[in-house]
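Trainee: heads up, no residue letters with this:
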């Protein structure tokens, strides 16, 4: 009985599916953007480790500091970094005094202790990086109705995040394909999903002056700020890998011991 | 227990005797996973995956309990609380990555376990109830995993919840009302998040309960084995402890190594980047996809593109997606072949591997965007999925001429290993003396 009912149900499902499969389709509308859109270009950072496998790679502290400088002097005008507190910047190699000074240079929203009126005060190391805009409406009003995303998680929130950010920042030089119209107020960038991005070209050569003398080309600044944003997305990365290697060594030894135990227990037993 | 030759629990220490007379818990453990449970001696490493599923469930429960201590189930704070776990809770990133990847690994292990059951006919009499309880666990797992994915309240959380709950609106007449009732509003919102959190915490313990029932049901006939021949006597079995505890432990170590490789070195490779963007009901992601372990069923859901027999395509998809799992309940009666092991079923062996490839294709299609040629491929692959279980399998039982079966497990084992086995005769006795002491002490 089950088999007869099942057979009937099976036939109905199969016919319904095959009717759908044989149904002629409307020819797919060619999406012009898909043809222009580019996948991020290959690039490699120190934290990618040997062979880019990411097992032993660590962040380059000097690069993180340079990247932070690019973020602070360029990106932070429009993009927030709300999940990073000033105290976290110690991980970039800044001393406690430097962190305090970095915090003090920024104003954060506060209440006036005397009047209770909204005001601002210099940030403390425990404060998070202040948002460039008081709210979303203000952010959109200042940016032609586009919302600059917070960058705390940007590397994890995009497919192939590091390469995407790097390609996007360096992708403003590509010529606009013939016959492709860019809406007023948008900029052509083939690495952006819609290839028309609201953000104007953010980086130009020598835009920042690196303290360590590194030449500030667009590519260099883009690599550096991407490394910094990677750290902002995955501040636990180095510790995670250290513990991972230790865990695998431990489990490797345990596996060998387990295997030897198994051999010993099963010695002389046919199976 | 149904094995007369099984070892008996005999506590030697007076304390253990005292306990045994009052609460025979050590006896229960001894008979369930100790020396008192005889197991076919020839089961291979594919039989390790049931234990691994248990390990995966325990990892999920332990890490989940800790995550719940730091998580905040409210739409305004859920995403932030997950990032708080990642950045400020000591080793919080480890607990969360274990939990997120642990869900994927639970499904990998369970899928292998299911296919092992399909290959060795583990669903056939007298193990129908074991199999059906397994399908119940699978359904509970899917519900639990879906609700868990909603909790971080990222973009895919929100839009996944939106898409999956809207399936219920395909039910004729009452669909929209049912959906509103399930979601607690007209769209996923705080009411949805809090009820999903509550159920996500509850269901794993329900799964644990069904797991106990399943092990109980399994212990009546015992495990199948690669020959599919029933256990006939003590020469066919070995006590679970120490033989299979030792063997399963090797499997657990290897499993944990692969798991650790993902947790520590590629923790986000099985997730979707969009879920690191906070949920935004006003911005729909370009491609809404569920977690990878739902892709085969998601492909079946989307494979129905035409209204057929006065039933709209959307309802067909929903019916088919649920039918694809529900039909597994009837598998013991759909396949009437008396031969359990596919090793002795030359025709079914081919169809089995076609099914494996078919499900892999469905998984690929489920993750692909809803455009050609993916839709058409998923339609053909879905058609095979149903045809396999509902048409091919019942018919095959009539046509197929199985290969000759070995007379017994012991005979097949000795023929294969080709050497004399010095444990066959005194296996029960030897295992008894050595193993009985261990749990009693």
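Mentor: Cool, got the structure. As the structure is a computational prediction, the values presented were derived from the model and not from experiment.
Trainee: hey, let's count contacts and neighbours off CA atoms from now on
Mentor: Fine.
Trainee: which residues of the stretch 1-150 of chain B lie near chain A?
Mentor: B:41-43, B:83, B:87, B:93-94 (C-alpha under 8 Å from any C-alpha of the partner chain).
Trainee: weed out the non-buried ones from those residues.
Mentor: Burial by neighbour count, 16 or more other C-alpha atoms under 10 Å in any protein chain shown: within the residues of the stretch 1-150 of chain B next to chain A this picks out B:41-43, B:83, B:87, B:93-94.
Trainee: dump those to a markdown table, plus pLDDT and secondary structure.
Mentor: Putting these into a markdown table (pLDDT from 0 to 100; DSSP: H, G, I helix; E, B strand; the rest coil) gives the following:
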| residue | pLDDT | secondary structure |
| --- | --- | --- |
| B:41 | 91 | coil |
| B:42 | 92 | coil |
| B:43 | 93 | coil |
| B:83 | 96 | helix |
| B:87 | 96 | helix |
| B:93 | 97 | helix |
| B:94 | 97 | helix |
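Trainee: show me which of these is closest to chain A.
Mentor: For these, the closest approach to chain A (C-alpha to the nearest C-alpha) belongs to residue B:42, at 4.7 Å.
Trainee: could I get the full set of strands for the chain?
Mentor: As the question left the chain open, I've gone with chain A. For chain A, the strands defined by DSSP state E occupy A:107-111, A:118-122, A:187-188, A:196-197.
Trainee: chain B, not that one
Mentor: B:38-40, B:237-239.
Trainee: confidence score at residue 51?
Mentor: By default, I'm working from chain A. In this model, residue A:51 is scored at 77, pLDDT.
Trainee: hmm, no, I was thinking of chain B.
Mentor: 96.
Trainee: do the same with the one 5 residues further on
Mentor: Note on residue B:56: pLDDT of 97.
Trainee: nearest spatial neighbour of it, skipping sequence neighbours?
Mentor: With sequence-adjacent residues excluded and distances taken as C-alpha to C-alpha, 6 or more residues apart in numbering or on different chains, residue B:56 is closest to residue B:106, at 5.2 Å.
Trainee: now do residue B:61
Mentor: According to C-alpha to C-alpha, 6+ apart, the nearest residue to residue B:61 is residue B:204 (7.0 Å).
Trainee: ok, longest helix in chain B?
Mentor: Using DSSP state H, we find that the single longest helix of chain B is helix B:190-219.
Trainee: what is that helix packed up against?
Mentor: helix B:49-70, helix B:128-150, helix B:175-183 (3 or more C-alpha pairs under 8 Å, 6 or more residues apart in numbering or on different chains; DSSP states H and E).
Trainee: at the geometric centre of chain B, which residue do we find?
Mentor: In chain B, the residue lying closest to the centroid (C-alpha atoms, centre = their mean) is residue B:110, at 2.9 Å.
Trainee: same question, chain A
Mentor: Closest-to-mean residue, chain A, C-alpha atoms, centre = their mean: residue A:155 / 0.7 Å.
Trainee: burial count for the nearest residue to it once chain neighbours are set aside?
Mentor: Nearest in space to residue A:155, with sequence neighbours left out and distances taken as C-alpha to C-alpha, 6+ apart, is residue A:161 at 4.2 Å. Using other C-alpha atoms under 10 Å in any protein chain shown, residue A:161 has 19 other residues around it.
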